[in-house]
Structure formats: structure tokens, C-alpha cells
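1. compute the structure for the input listed below.
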Amino acid sequence: MAVQIEASICTACGDCEPVCPTKSIVPHKGLYTVKTETCTECDGEADMPQCIDVCMEEGCIVFVD
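-> Residues are numbered from 1 along each chain as shown. Purely as a prediction, here's the structure:
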């Protein structure tokens, strides 16, 4: 499983990028995106994805199947 960043909500603040232990969050066309092939939802690192924890915009980073 992985998370995804909703482009329509992302403000490109960049808070999520440095907290990602797998470096799966990358800049893309002025916003941020998640490389789903490497995102582990911080499994083994934290109780919940760190990007969701630091994101100030409700609903910006969501779980995907």
C-alpha cells in the first residue's frame, strides 16, 4: 500500500519531503508526488505515515490501495 498527494490540495510547502524515510516524496511540476513503488506508509518506522502527520492541509495526503 502507499499514500498519494492530492494535487488540488497540495500547497507545495515541502514539509512532507524531508520526513519520508524511503525518500518516496519528490517534487513534480511545482507540487509534490509520491513514488508508490517505494512508499511503505512508514511501516516499521512509525505508527502512521510521517507525511500525513506533518501535512497542514486536511485530506492532502491519502491512503491508496
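
2. buried residues, the helix or strand containing residue 53. List them.
-> Assigned by DSSP states H and E, residue 53 belongs to helix 50-54. By 16 or more other CB atoms under 10 Å, the buried positions in helix 50-54 come out as 50-52. For every residue, glycine as well, the C-beta is placed using N, CA and C.

3. remind me what the next helix or strand after it packs against, helices and strands.
-> The first helix or strand that comes after helix 50-54 along the chain, using DSSP H and E, is strand 61-64. Secondary-structure packing of strand 61-64 (3 or more CB pairs under 8 Å, 6 or more residues apart in numbering; DSSP states H and E): strand 2-5.

4. what's in contact with the strand it packs on?
-> For strand 2-5, the external contacting residues (CB atoms under 8 Å, 6 or more residues apart in numbering) are 16, 24-25, 31-34, 36, 39-41, 49, 51-52, 60-64.

5. adjacent strands (with direction) for it?
-> Partners of strand 2-5 in the sheet, by DSSP bridges, are strand 61-64 (antiparallel).

6. excluding chain neighbours, what is closest to residue 6?
-> residue 60 (5.5 Å; CB to CB, 6 or more residues apart in numbering).

7. still on that earlier bit, and the helix holding residue 53, average pLDDT?
-> The average pLDDT within helix 50-54 is 97.

8. against which helices or strands is that helix packed?
-> strand 2-5.
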